[in-house]
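what follows is a predicted structure for the sequence shown.
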Amino acid sequence: MKKETRAGRLNPMSTIARILLACGVVAGSAAHAEYLAYAVVDGARSPLPESIGAIEAGYLVDLEWDYRGGRSMIEIQPVENVGGGDTGDVSLAGIGEAVAEAIRRTGRFVVDDSGTATESGADGYVLHVALADYAVQVAESVTNPRAVRSRSRPTERGRFAIDLRLVDAAGRAVVTGQFEAAVSEPRPGVAGFGEVEGLGSDIWTESIGQAILAAVNKGAFEIVRAVGPLPLSGRVVRADGDRVWINLGRGSVSVGDTLEVTSAGESLVDPETGLDLGVLEETVGTVQVSRVEDRFSIAEALSIMTPPNRGDSVRSVSPQAEFMFATDWNPP
């Protein structure tokens with residue numbers, strides 16, 4: 001660490017370092033996306049409005065997300081054929097995997113694959129989440145899972161619908177709705193979600209596969225829109241003198257971002273009940289990002305009162321920006 005000043009904090013960085021960081025602020029801010037999500041067709045993209053229910057399903061087959069805030073843990077419940085009807089050639093397990101992948105790609109959530117225990121009510125919905133912040137359950141089976149051909153229209157038409165319900169850790173419903181999509185002419189060159197258990201990679205080139213993609217993307221979009229952004233946070237993975245390595249990489253932070261470092265302090269225990277009331281966090285200081293790699297970043301100390309340790313928390317000091325949506329829908 002550098003020599004401490006009389007206030008007990010580190011000396012400021014060199015003028016050269018501050019100039020470099022200032023230049024990085026300009027470059028970093030330009031890299032941040034203006035909108036939450038984009039519809040992508042043949043490499044062209046258009047920002048999505050806040051309501052996408054009326055957009056033609058073919059434009060929702062491939063979405064590009066640019067969320068850069070914090071993430072919540074989310075649990076995807078096993079899909080149940082509540083309606084009891086025939087699910088055709090579509091695997092319910094595969095639908096659950098498709099929903100999980102659509103939500104994972106938003107960047108807003110970390111999908112919990114540990115299979116945490118939950119309690120369910122008579123209606124089949126989740127009432128309590130053990131470890132995750134949120135849980136999603138597909139409450140009903142798919143609708144018309146097979147591709148449909150009509151006499152008047154010989155082209156294959158895939159139609160797919162799911163009922164999703166998102167609940168928080170207290171069992172409160174955040175999103176409840178049906179998401180449906182119909183695709184008559186599948187777009188060529190759509191990669192979809194790759195090999196998904198019970199579906200296979202070839203299904204994404206068919207009408208029914210692209211209807212599944214559009215429907216689960218609709219559900220994922222509504223879930224992210226409903227829960228809103230979360231302040232960016234991460235962890236210190238290494239500290240050496242004035243330099244701190246953080247587990248936030250490209251797409252999460254930019255050069256010039258200022259982060260607050262905190263460490264876990266004393267554990268608070270209720271003297272009467274013995275219950276753990278949580279941990280009192282202690283502020284370590286602030287750092288500024290000077291270098292960003294794919295999966296980590298390096299930050300320089302701005303003001304540090306105590307040396308940071310591996311595992312200390314970091315969070316952005318900037319107010320979390322609200323989601324931005326297009327005012328009008330213009331197909332790409």
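In hand now; what should we look at?

Three-state assignment for the nearest residue to Tyr38 once chain neighbours are set aside, please.
Closest residue in space to Tyr38, ignoring its immediate chain neighbours: Arg45 at 4.0 Å, by C-beta to C-beta, 6 or more residues apart in numbering. Backbone N, C-alpha and C define where each C-beta goes, glycine included. Under DSSP: H, G, I helix; E, B strand; the rest coil, Arg45 falls in the strand class.

tell me the bridge partners for Arg45.
Going by DSSP bridges, Arg45 is paired in beta bridges with Val40.

could you check the distance from it over to Arg295?
Distance of Arg45 to Arg295, given as C-beta to C-beta, to the nearest Å: 25 Å.

again with Thr306
27 Å.

thought Ala57 was touching Ala182?
Yes: applying C-beta atoms under 8 Å as the test, Ala57 and Ala182 come out as touching, 5.9 Å apart.

pull up the overlap in contacts between these two.
Common neighbours of Ala57 and Ala182, counting by C-beta atoms under 8 Å, 6 or more residues apart in numbering, are Ala211.

lowest-confidence helix or strand of this protein?
strand 126-129 (a mean of 33; mean pLDDT, DSSP states H and E).

returning to what we had before: neighbour count: Thr306 and Arg295, which is higher?
Thr306 (14 against 11; other C-beta atoms under 10 Å).

so the more buried one makes contact with Val284?
Yes: counting by C-beta under 8 Å, Val284 is a contact partner of Thr306 at 5.6 Å.

returning to what we had before: check the burial of the residue nearest to Tyr38 by counting its neighbours.
For Arg45, using other C-beta under 10 Å, the count is 16.

go ahead and confirm it touches Ala39.
Yes: contact criterion C-beta under 8 Å: Arg45 and Ala39 qualify, at 6.5 Å.

mutual contacts of the two, please.
64, 332.

then stretch 63-83 to CSV, C-alphas only?
In CSV, the C-alpha atoms belonging to stretch 63-83 read as follows (Å, rounded to 0.1, in the frame of the first residue of the first chain):
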residue,chain,number,x,y,z
LEU,A,63,-33.4,-11.2,-28.9
GLU,A,64,-30.2,-9.4,-27.9
TRP,A,65,-29.9,-8.2,-24.3
ASP,A,66,-27.7,-5.5,-22.9
TYR,A,67,-28.5,-5.4,-19.2
ARG,A,68,-25.5,-4.3,-17.1
GLY,A,69,-26.7,-4.2,-13.5
GLY,A,70,-26.8,-6.7,-10.6
ARG,A,71,-28.3,-10.1,-10.9
SER,A,72,-30.8,-12.1,-8.7
MET,A,73,-31.0,-15.8,-8.2
ILE,A,74,-34.0,-17.4,-9.8
GLU,A,75,-35.3,-20.9,-9.7
ILE,A,76,-37.2,-22.6,-12.6
GLN,A,77,-39.7,-25.1,-11.4
PRO,A,78,-40.3,-28.3,-13.3
VAL,A,79,-42.9,-28.0,-16.0
GLU,A,80,-46.2,-29.7,-15.1
ASN,A,81,-48.9,-30.7,-17.6
VAL,A,82,-51.6,-29.1,-15.5
GLY,A,83,-54.2,-29.2,-18.3
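
return the set of buried residues in that stretch.
Neighbour counts using 16 or more other C-beta atoms under 10 Å place 63, 65-71, 73-77, 79-80 of stretch 63-83 among the buried residues.

and the furthest pair within those?
The distance between the two most remote of the buried residues of stretch 63-83 (C-beta to C-beta) is 34.6 Å, for Arg68 and Glu80.

give me the longest helix you can find in the chain.
Longest helix in the chain by number of residues (criterion: DSSP state H): helix 207-227.

any idea of the mean pLDDT in stretch 77-94?
Over the span of stretch 77-94, the pLDDT mean works out to 63.

start and end of that stretch, how far apart?
Across stretch 77-94, the terminal residues are separated by 12 Å (C-alpha to C-alpha, to the nearest Å).
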